Structures are given as C-alpha cells and as structure tokens.
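*Asks:* A predicted structure for the sequence below; I have some questions about it.
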Number of protein chains: 2
Amino acid sequence: MGRTREFDEEAVLKGAMHIFRKHGYQGASIRDLEEATGLKGGSIYHAFGDKAGLFDAAFGHYNRTVLEGRIERFAPLGSGLKGLRELFLSLLHEPDDGSLGCLITNMAVEFGGGADRHPRVEAALGLLRTTFRSRLTEASTFVRDADGAKADRTATRLLAFYQGLLVLIRGGDDKAGLRQAIEDEFNQLETML
Amino acid sequence: MGRTREFDEEAVLKGAMHIFRKHGYQGASIRDLEEATGLKGGSIYHAFGDKAGLFDAAFGHYNRTVLEGRIERFAPLGSGLKGLRELFLSLLHEPDDGSLGCLITNMAVEFGGGADRHPRVEAALGLLRTTFRSRLTEASTFVRDADGAKADRTATRLLAFYQGLLVLIRGGDDKAGLRQAIEDEFNQLETML
DNA sequence: TCCATTCTTGATCAGTCATTCTAGAACAAT
DNA sequence: ATTGTTCTAGAATGACTGATCAAGAATGGA
C-alpha cells in the first residue's frame, strides 16, 4: 500500500555511480546527485537514508554490474591466462564511459586514510584476487605447486598491477604504452608455464 | 623592509603535506590546515594565495623531500635492480608516517576526473619512470636492446606495479603478501638477465 | 624617529554542504 | 469514498566551506 515509486532504481543507481566515479565520494554533492539521478533531494534521503546510503547502493551496483560483468565477459571460468589477459586489456578500452575511473581503486584511495577498511572495497578487491587466483590455477604450472601458494602470490602481484594500471589510466597515461606493459606481463607469465 | 616571517616554511609545508596525504585535497579544510601548520587562515592566504597554492607548495615539498629522498636513499645512481628492489620494499616500511598514503597516487586518482592533467603528478610519475628506466639499463641485459625500448616498457610495467602497491597499502592490504609479491617480481626480473 | 612595507590576527563574508521538515500527491485496502 | 501509508517536492535548517578584509604588530631604511 502507499504511493508507488516513480523512479527506476537501476537508472538512479547508474547515474549516481557515474557521479561517484567521476568526482569521488566527497567531491559528489547532493545537487550533483540530484541532477544525475533525476531525483530531488528529499526523495534521495527518503529512499536511501543519506549520502552514504546512496553511495553504498551505487557501489553495490558497480560491483554487480561493471565489475562482475567485466569478469564474466572477458575472463569467465575456464578462460585461464588468456582470459586474464583480455580482462586487463579491457581496462584500456573502457567501452563507453570515458575516463570515469574504477570505483574500487578510487575508493580504496579516498577511504584509505581512515582506520576502518571499507567493506565494499574489500569485497571487490577480494573478488578480483580470487578470480586471478582461479584463472591462474587453471594454467597447468601452478597446479604442480601443492598448496597453490605461488598462485596466491602471483594473484596478489597481478592485483597490484591491475590497480596501478587504473591509477595510470586515470592519470591520463599513454594507453599504447600501458597496452605494451600488459602484453609483456602476460607473455612472460605464459613462458613460466 | 617589512615585518619578517615568523613561521618556518619547512615545518608549515610538512604539516600541510601531512594533512593532504591523509585527507586528500578536497578533504582537507582550511581549518585543518591551520591546525596542522600553526598558521592562521589569513596568513595562509597571504603567504600562499589560496588553498591550491598551499597544496602546490606542499606537493613540491613532497616531491623534493619524500620522493627524491626515498630514491636517493634506496635506489641511488648505479644501484641497479638491487636498488629498485629496495625502493619497492621501502614502501612497506613507511619509516615513521603510518598509513598516510602516497601523495602522487592519491592525487592522480583525485584529480584524474578532470580533463587537465595535474603537472605535479605528471612530474612525479615521470621521475619515477625515468628512475626505473635508468636503473634497469644499468642491468646488463637491457643494454643489448639497441634503443632501450624494452627498458621503457619494463619501466612502465614497474610504475603500474608501484602505484598499485600504494593503492593496496592504503587499502590496508596484508604487508607480508605484498612483500612476497615484490620479491617475486624482482626475482623473476633478475632471471631475465 | 618616522615611514613604507610586510606580516599576523581575528572577525567576517557569501556560498555551499548534507540533512530535515512540511505539505501535498498517489496509491492499496477497506 | 475514506483511510492509512508511501512517495515526491521544495523550502528551510545550521554547520561548515574557502576566501576577504581591516586593524595592528614588527621590521629595515631614511
């Protein structure tokens, strides 16, 4: 019972996500979010509680849509090293959204100052790490390692490389050079087989 | 002629740098900067023009002191791969300042949204890149490559790795794992000789 | 000593921030 | 149609933002 919602939650979260990626959490004002979502301030607070609530929902939408979508598209189960290579290279394409930046990277940096670690950042980094590890163990060499410790270490190394690429991309670095760096990394990773 | 300055510029810039590293540019308020520098708002504006001016001076101080100091200490000219390894490992120590984060990384992300690339971020990234390249060419293998193109590519790859490490450190990642990732990277880099 | 100049201070400014509140609009169930 | 409930709109809130200003304090040169 009660009045039905007029807004499309999907569209609202997409708009909010857009703003948060571009300006960061602090840099995004409620007015910016009003414009991007089409909702008026009052409605935002009614629907999401506060700015942090809207951000949390938008971050969840990012993890569900952008992150998991990219993984499933480029590095699905069984795609191995080849899938990981495509996943990394896909960061350079940035399909439609220009230089929005990765919400995970940006928030790891912006919220990193405080003592408490942001759960959504942790979850996203964890998903990336386990995906890397999983695709690496699909490559034969790493299986020989009994406990998969080497796969863990390589996954962490790749995670750092991944986050660093996003920093450099956001910084406006030359994409051709970054592409070459990615190719080098995976070529050498293949020869380790 | 005129009244002499009462504040120690070095100390003021150090305090401001501290705040900017911890809270970012937007997250640092003039009141925060007053407290950290000991200067009153009016003096800040008189001495540095505006918030951006103080930030610029603090960023310059960071590059001069922290960045160049770290390079000279851990990876001086002629230290080769061994120096680079120490440089990377030094990121985990963080001598005294706890989890302040790297101003370069943080600002590359925070200012990355806009169209214009921040000159101080570019300069700092450039210094890191050329340092990496220089130490790599000191290692014998890369010299064989006529134009040093491989050294360029490896330098870019290391720069991404470096920035990514700082993201993960700021995100509170386990330092033991990161140390292992660094050792792996440089062990494998050595075997390429 | 007096002056021109530079610095420091603290009050103050208009603007923006996130948030709250009130009034009314749209619905489901009775 | 009335009622209870949920949603929307938009004005209003106080707190805080970056920045300015006027007044006084401290200097070196005349």
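*Replies:* All right, it came through fine.
*Asks:* ok, the closest residue to A:G83 other than its chain neighbours - contacts?
*Replies:* Once flanking residues are discounted, A:G83 sits nearest to A:A75: 3.5 Å by CB to CB, 6 or more residues apart in numbering or on different chains. From N, CA and C alone the C-beta is placed, and that goes for glycine too. Neighbour list for A:A75: A:83-84, A:86-87, A:131, A:135 [criterion: CB atoms under 8 Å, 6 or more residues apart in numbering or on different chains].
*Asks:* now do A:A75 against A:G164, distance only.
*Replies:* According to CB to CB, to the nearest Å, A:A75 and A:G164 sit 18 Å apart.
*Asks:* again, but for A:H61
*Replies:* According to CB to CB, A:H61 stands 25 Å off from A:G164.
*Asks:* what about those two, which has more around it?
*Replies:* A:G164 (27 against 18; other CB atoms under 10 Å in any protein chain shown).
*Asks:* can you list the weak-confidence ranges in chain A?
*Replies:* Residue ranges of chain A with pLDDT under 70: A:95-99, A:140-147.
*Asks:* interface residues of it facing DNA strand C?
*Replies:* Neighbours of DNA strand C within chain A, by CB under 7 Å from any atom of the strand: A:1-4, A:28-32, A:41-42, A:45, A:50-52.
*Asks:* so which of those reach DNA strand D?
*Replies:* A:1-4, A:41-42.
*Asks:* among those residues, which one has the most neighbours?
*Replies:* Ranking those using other CB under 10 Å puts A:G41 first, with 11 neighbours.
*Asks:* can I assume it is in contact with A:D32?
*Replies:* No. With contact defined as CB atoms under 8 Å, A:G41 does not count as touching A:D32 (11.3 Å).
*Asks:* of all the contacts of A:A75, which comes closest to DNA strand D?
*Replies:* A:T131 (35.4 Å; CB to the nearest atom of the strand).
*Asks:* and that closest one, which of the three is it?
*Replies:* Going by DSSP: H, G, I helix; E, B strand; the rest coil, the secondary structure assigned to A:T131 is helix.
*Asks:* spatially nearest residue to it, not counting backbone neighbours?
*Replies:* Per CB to CB, 6+ apart, closest to A:T131 is A:I71, 5.6 Å.
*Asks:* residues contacting the one you found?
*Replies:* Contacts of A:I71 (CB under 8 Å, 6+ apart): A:87, A:127, A:131.
*Asks:* let me know the closest of these to DNA strand C.
*Replies:* Once CB to the nearest atom of the strand is applied, the member of these that ends up nearest DNA strand C is A:L127, at 27.6 Å.
*Asks:* is it true that the closest one touches A:N63?
*Replies:* Yes. Under the criterion of CB under 8 Å, A:L127 makes contact with A:N63 at 7.3 Å.
*Asks:* out of these two, which sits in the busier spot?
*Replies:* A:N63 (18 against 15).
*Asks:* what packs against the longest helix along chain A?
*Replies:* Assignment by DSSP state H gives helix A:149-170 as the longest helix of chain A. For helix A:149-170, the packing partners by 3 or more CB pairs under 8 Å, 6 or more residues apart in numbering or on different chains; DSSP states H and E come out as helix A:80-93, helix A:103-110, helix A:119-138, helix A:140-144, helix A:175-191, helix B:103-110, helix B:149-170, helix B:175-191.
*Asks:* could you redo the last one with a cut-off of 6 Å?
*Replies:* Here helix A:149-170 touches helix A:119-138, helix B:103-110, helix B:149-170, helix B:175-191, going by 3 or more CB pairs under 6 Å, 6 or more residues apart in numbering or on different chains; DSSP states H and E.
*Asks:* could you list the buried residues of the third one?
*Replies:* This means helix B:149-170. Neighbour-count burial for helix B:149-170 flags B:150-170 (criterion: 16 or more other CB atoms under 10 Å in any protein chain shown).
*Asks:* what does chain A have sitting close to DNA strand D?
*Replies:* A:1-7, A:39-43, A:46-47.
*Asks:* what's the farthest-apart pair in these?
*Replies:* Within the residues of chain A next to DNA strand D, A:M1 and A:G41 form the most distant pair, 25.2 Å apart (CB to CB).
*Asks:* of all the residues in chain A, which ones are close to chain B?
*Replies:* Contact residues (CB under 6 Å from any CB of the partner chain) of chain A with chain B: A:22-23, A:26-27, A:101, A:105-106, A:108-109, A:112-113, A:117, A:153, A:156-157, A:160-161, A:163-165, A:167-168, A:170-172, A:177, A:180-181, A:184.
*Asks:* need the contacts of A:I71 in a markdown table (columns: distance to B:E190).
*Replies:* Shown next, in a markdown table, are those (distance: CB to CB, whole Å):
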| residue | distance to B:E190 |
| --- | --- |
| A:L87 | 28 |
| A:L127 | 32 |
| A:T131 | 29 |
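*Asks:* of these, which is the nearest to A:A11?
*Replies:* A:L127 (24.6 Å).
*Asks:* relative to A:D50, how far out is A:M107?
*Replies:* 17 Å.
*Asks:* now do A:L158
*Replies:* Applying CB to CB to A:L158 and A:D50 gives a distance of 36 Å.
*Asks:* what of A:S29?
*Replies:* 13 Å.
*Asks:* cool, and A:Q180?
*Replies:* Taking CB to CB, one finds A:Q180 at 45 Å from A:D50.
*Asks:* give the contact list for A:E34.
*Replies:* Taking CB atoms under 6 Å, 6 or more residues apart in numbering or on different chains, we find A:E34 in contact with A:G41.
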